[in-house]
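coords please:
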Amino acid sequence: MNLTFEILTPLTTVFKDEVDEIVVPTVNGEITILPNHINLLTQVFPGELIVKKGSNIHSLAVTGGFMEVSKNRVSILADYAIKTQDIEIAKVEEAKKRAEKIMQEKTSEKDFKIAQGELLKAIIELKVAGKRRRRS
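From the prediction side, this is the model:
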């Protein structure tokens with residue numbers, strides 16, 4: 001028996017498949033979801049999400065959101081998520097520098113918050129991409 005898993009963002013479906021196991025960062029720590037897991041609704045914490053299907057392991061960077069587990073179906077509504085293999089390190093490093101620069105300048109509170117979100121996204125992507133490189 002497998003889990004039906006999907007991760008959605010406001011823009012797209014990032015991942016959708018039948019899987020064996022999902023490891024999710026939550027506000028209460030990392031949890032593993034296996035088939036026949038109890039019903040659950042929890043907040044997803046920024047970090048690395050790991051999906052296992054047979055001998056394949058997929059890694060995603062996620063900045064937060066909510067997860068619902070019900071009847072072997074797992075849905076994550078994420079603020080932002082990206083498959084690790086789709087992360088472009090050079091672009092992410094550039095975005096990180098831009099965000100840091102905006103935060104150092106005297107900007108409006110709105111611009112500061114936007115830059116802060118972009119910085120968080122870049123840091124998580126770089127961290128997850130770095131983990132993937134070490135595993136390979």
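
Please make it C-alpha for all contacts and neighbour counts, starting now.
Fine.

Go through the host helix or strand of Glu125 and flag the buried ones.
Using DSSP states H and E, Glu125 falls within helix 109-135. Applying a neighbour-count criterion of 16 or more other CA atoms under 10 Å, one finds 112, 115-116, 118-119, 121-126, 128-129 buried in helix 109-135.

And the contacts of stretch 34-41?
1-3, 20-22, 66-72 (CA atoms under 8 Å, 6 or more residues apart in numbering).

Could I get the CA-only coordinates of stretch 59-72 as CSV?
Only the C-alpha atoms of stretch 59-72 are listed here, as CSV (Å, rounded to 0.1, in the frame of the first residue of the first chain):
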residue,chain,number,x,y,z
SER,A,59,14.4,16.0,-2.1
LEU,A,60,12.6,19.3,-2.1
ALA,A,61,13.2,22.7,-0.5
VAL,A,62,10.1,24.2,1.1
THR,A,63,9.6,27.5,2.9
GLY,A,64,6.6,26.5,4.9
GLY,A,65,2.9,25.8,4.6
PHE,A,66,0.4,23.2,5.8
MET,A,67,0.2,19.4,5.5
GLU,A,68,-2.9,17.2,5.8
VAL,A,69,-2.7,13.5,6.1
SER,A,70,-6.0,11.5,5.7
LYS,A,71,-6.7,7.9,4.4
ASN,A,72,-3.2,7.4,2.8
